[in-house]
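Undergrad: Structure for this input, please:
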Amino acid sequence: LSAEVTPGPDGMLVSSPKAEALHRLSLPMRVERLYIYPLLLITFKLSGGALALRRWLEGRISGQGSGQARPAGAPEGAPSGEGLFLRWGARVIGWLGRPIPRAWRERVSGRDLMVILLFVLVLEAALALLYLPLNFYSGFTLAHQFGLSTQAAVGWVSDWVKNLILALVISGLLWTGFYVLMRLMPRRWPVPAGALMILVSASLVLITPVVITPLFYEVRKLDTPELRTRILTLADRAGVQVDEVYVVNASTKTTRVNAYFTGFGESRRIVLYDTLLTDYTPDQVDVVLAHEMGHWYYRHMLLAVVGMGVVGWIGLFGLQWLLNRTWRPLGLSGPSDVASLPYLMAVVAIATILSLPFQNGLARLAERQADHFSLVVSQRPETFIELFEKFAAQNLSVVNVPAWEKLLFYTHPPIVERVDMADR
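TA: Numbers count the residues shown, from 1 in each chain. The predicted model follows:
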């Protein structure tokens, strides 16, 4: 199948046959992933699985109900080695919490913290394993079939394990902190939880390019003198200060092309895939850089963090209202029962799905602003059009999609809309 993008009879761009084939295979998986995730969580909660898991963890930590045979000579009721480890862990957490006010320690014991943390980790790990076959098919098998991946299976699995560890660490800390605040401040927990959520979001934006991205890619400063000079000249013309541009060694894993802007304040940086530098002309790279400078100029990253933080903060009060009215029908011991986690995750997922048209609409608006900035600064509309036609061919992107698909999945305008902007 050809990957070339061609104009149709009416002059409009037409997606390549190869891109259309990939789209037909990947779109159903994207739709299924969107809706099956909350259904799985709700099913797990309503089936009693969440309550059973919480009770099992409580039994293991307290040394009761382990359901395993005791070693020969062990006294009646002696906990297994695993039970001893968990109880020891609960005691260590309690010991570390001694500086905390006694009133707080009485509301959340070391045993409670262990139950909450292990519940979160088990649930997150189970979901990751459940989605592993689908992720492997879409991220490795399908990508290789269409020539979009250069990564070996061992490398893909290594990245998956790294992603899982990061997800467990971040989710474990966030959800454990969430439930701790619910127990310490039953009426006011959304206030500190919202502040914590904004702080964590901003911190992740700052540390991702410095700490997380290097776990998956080799990252280096752009060291091509000619291109660096072009970038500084372009930045001066745009009125944007650029200290460094970074390059990630993406060609070891993918043939796709990408560039992005991240960070804010003094941590702002532009990151380019090395595939962009090797496969595109300097003028085309200028257009990409001008687009990323547009995000910088309009402070899109900062606005996104603040906006999502405010909406999320309001959402926490909605979750409090919902939990206070549903914990009894759900069979929970209280609003702060960790067995409510699948239910809360499903509610958040459903709210996210419902808000996707609004979120994606704002994201597309930001991208259109950056596109317009790029056209004004670079003064190369023909190069802009050539660039996105080449993007469509190399990334196997369809150039246009139905309105419903754009609303649900597209954070960037379809390529025909971007080309149309440059044509005007």
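Undergrad: rest of the way, CA atoms for contacts and neighbours
TA: Noted.
Undergrad: if I pick residue 367, what's in contact with it?
TA: By Cα atoms under 8 Å, 6 or more residues apart in numbering, residue 367 lies in contact with 295, 412-413.
Undergrad: Low-confidence ranges, the chain, go.
TA: For the chain, the stretches with pLDDT under 70 are 63-107, 243, 264-268.
Undergrad: In it, where's the longest helix?
TA: What stands out as the longest helix in the chain, according to DSSP state H, is helix 341-378.
Undergrad: Could you pull out the buried residues of that helix?
TA: Under the neighbour-count criterion of 16 or more other Cα atoms under 10 Å, helix 341-378 has 341-344, 346-350, 353, 356-357, 359-361, 363-364, 366-375, 377-378 buried.
Undergrad: Same question for stretch 25-45.
TA: For stretch 25-45, using 16+ other Cα under 10 Å, the buried residues are 34, 37-38, 41-42, 45.
Undergrad: Spatially central residue for this structure, please.
TA: Of all residues in the chain, the one closest to the mean position by Cα atoms, centre = their mean is residue 167, 9.3 Å from it.
Undergrad: Tell me which helix or strand it sits in.
TA: Per DSSP states H and E, residue 167 falls inside helix 153-184.
Undergrad: what would the contacts of residue 367 look like in TSV with distance to residue 25, secondary structure and neighbour count?
TA: Shown next, in TSV, are the contacts of residue 367 (distance: Cα to Cα, whole Å; DSSP: H, G, I helix; E, B strand; the rest coil; neighbours: other Cα atoms under 10 Å):
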residue	distance to residue 25	secondary structure	neighbour count
295	32	helix	23
412	21	coil	18
413	21	coil	22
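Undergrad: re earlier: okay, the angle between the longest helix of the chain and helix 153-184?
TA: With axes from the mean of the first three to the mean of the last three Cα atoms, to 10 degrees as the basis, helix 341-378 and helix 153-184 are set at 120 degrees to each other.
Undergrad: on that earlier part again, against which helices or strands is the helix holding residue 167 packed?
TA: If you count contacts as 3 or more Cα pairs under 8 Å, 6 or more residues apart in numbering; DSSP states H and E, helix 153-184 packs onto helix 102-107, helix 110-136, helix 190-207.
Undergrad: so how far is it off the chain centroid?
TA: Centroid displacement of helix 153-184 relative to its chain, using Cα atoms, centre = their mean, to the nearest Å, is 11 Å.
Undergrad: do you know how far the closest residue to residue 384 other than its chain neighbours is from residue 269?
TA: For residue 384, ignoring the flanking residues on the chain, the nearest one in space by Cα to Cα, 6 or more residues apart in numbering is residue 287 at 6.3 Å. Here residue 287 is placed at a distance of 16 Å from residue 269 (Cα to Cα, to the nearest Å).
Undergrad: Counting neighbours, go ahead and name the busier of the two.
TA: For residue 287 versus residue 269, neighbours defined as other Cα atoms under 10 Å are more numerous around residue 287 (24 against 21).
Undergrad: For that one, give me the backbone phi and psi.
TA: Dihedral angles of residue 287 (phi, psi; degrees, to the nearest 10) stand at phi -60, psi -40.
Undergrad: Now for it: which residues touch it?
TA: Listed by Cα under 8 Å, 6+ apart, the contact set of residue 287 reads 374-375, 378, 380, 383-384.
Undergrad: swap in residue 260?
TA: Shown in contact with residue 260 (Cα under 8 Å, 6+ apart): 270-272, 292.
Undergrad: Same question for residue 357.
TA: 407-408.
Undergrad: now do 10 Å
TA: 363, 404-411 (Cα atoms under 10 Å, 6 or more residues apart in numbering).
Undergrad: what number of residues lie near the nearest residue to the residue nearest to the centre of the chain once chain neighbours are set aside?
TA: Spatial nearest neighbour of residue 167, excluding adjacent residues (Cα to Cα, 6+ apart): residue 124 at 7.8 Å. Other residues near residue 124 come to 18 when the count uses other Cα under 10 Å.
Undergrad: what does residue 332 give?
TA: Neighbourhood size, residue 332 [other Cα under 10 Å]: 17.
Undergrad: What of residue 181?
TA: Residues near residue 181, counting by other Cα under 10 Å, number 21.
Undergrad: gap between it and residue 335?
TA: Here residue 181 is placed at a distance of 12 Å from residue 335 (Cα to Cα).
Undergrad: Then residue 313?
TA: To residue 335, residue 313 is 18 Å away according to Cα to Cα.
Undergrad: can you check residue 322 too?
TA: 9 Å.
Undergrad: all strands for the stretch 251-400 of the chain, in order.
TA: For the stretch 251-400 of the chain, the strands defined by DSSP state E, counting those that start in this stretch cover 259-262, 269-273.
Undergrad: Tell me which of those sits nearest to residue 59.
TA: strand 259-262 (45.2 Å; Cα to Cα).
Undergrad: Can you give me the buried ones in that closest one?
TA: Neighbour counts over strand 259-262 (16+ other Cα under 10 Å) mark 259, 261-262 as buried.
Undergrad: Next: stretch 290-304.
TA: For stretch 290-304, a neighbour-count test (16+ other Cα under 10 Å) marks 290-297, 300-302, 304 as buried.
Undergrad: Stretch 232-241 too?
TA: Result for stretch 232-241 [16+ other Cα under 10 Å]: buried residues 232, 234-235, 238.
Undergrad: All the strands of the stretch 1-150 of the chain, in order from the start?
TA: Going by DSSP E, counting those that start in this stretch, the stretch 1-150 of the chain shows strands at 6-7, 13-14.
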